[in-house]
Every structure is written in C-alpha cells, then in structure tokens.
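Participant: for reference, the sequence and a predicted model appear below.
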Amino acid sequence: MLNSIFNINLSHYLILAFLLFLIGAFGAIVARNVIKVLISVEFMLTAVNINFIAFATFSDSIKLTGYIFNIFYIIT
C-alpha cells in the first residue's frame, strides 16, 4: 500500500510543470520590474525543462534528447 502512495508517474511531472509555467506567465504579465519579468521567464523555462526530462525519462530511454536539451539550457 505504501508503494502506491508514492508512485510518481508522468502526469505528476506534467502537473508540476504546468503550475510552474502558470506562475511564471502570471508573473511575467503582472510584474512591472524588468528583473521580476526575467525571473518569471526563468520559471517558465524551468517548466519546459521539467517537461523535457519527464518525457525523456518515461517515453524513450535510448534517445537522450530531453537530457541533452536540458544540459544545453544549463550551459547557456
């Protein structure tokens, strides 16, 4: 029973990324300061990276494109 409670699947990651993207979009629209807008854009990009990693983990473990995109984002 304890394993079924902590079973995290793709939908959990997608919900987390969606909520993070909504917070970032709301912050980018509402904020008047440029720094706050840039932080909100970073939230949205982090949500996209969570999607890349989640789909790379759950869909195809041979192709590492999601991980590679995430590494390129971290490097830049």
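Facilitator: Alright, I've got the coordinates.

Participant: so where's the chain uncertain?
Facilitator: Scanning the chain for pLDDT under 70 picks out 1-4.

Participant: what comes into contact with stretch 32-51?
Facilitator: Contacts to stretch 32-51, defined as Cβ atoms under 8 Å, 6 or more residues apart in numbering, come from residues 13-14, 16-18, 20-21, 23-28, 31, 69-70, 73. C-betas here are computed from N, CA, C, even on glycine.

Participant: mark which of the residues you listed are buried, thanks.
Facilitator: By neighbour count, with 16 or more other Cβ atoms under 10 Å, the contacts of stretch 32-51 hold Tyr13, Leu14, Ala17, Leu20, Phe21, Gly24, Gly27, Ala28, Phe69, Asn70 as buried.

Participant: now these as CSV including secondary structure?
Facilitator: Below are the buried ones among the contacts of stretch 32-51 laid out as CSV (DSSP: H, G, I helix; E, B strand; the rest coil):
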residue, secondary structure
Tyr13, helix
Leu14, helix
Ala17, helix
Leu20, helix
Phe21, helix
Gly24, helix
Gly27, helix
Ala28, helix
Phe69, helix
Asn70, helix
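
Participant: longest helix of this structure, counting residues only.
Facilitator: The residue-count maximum for a helix in the chain (DSSP state H) belongs to helix 34-58.

Participant: figure out how far that helix is from the centre of its chain.
Facilitator: Distance of helix 34-58 from the chain centroid (Cα atoms, centre = their mean, to the nearest Å) equals 4 Å.

Participant: how about that helix: buried residues?
Facilitator: For helix 34-58, by 16+ other Cβ under 10 Å, it's 37, 40, 43-44, 47-54, 56.

Participant: all set, thanks.
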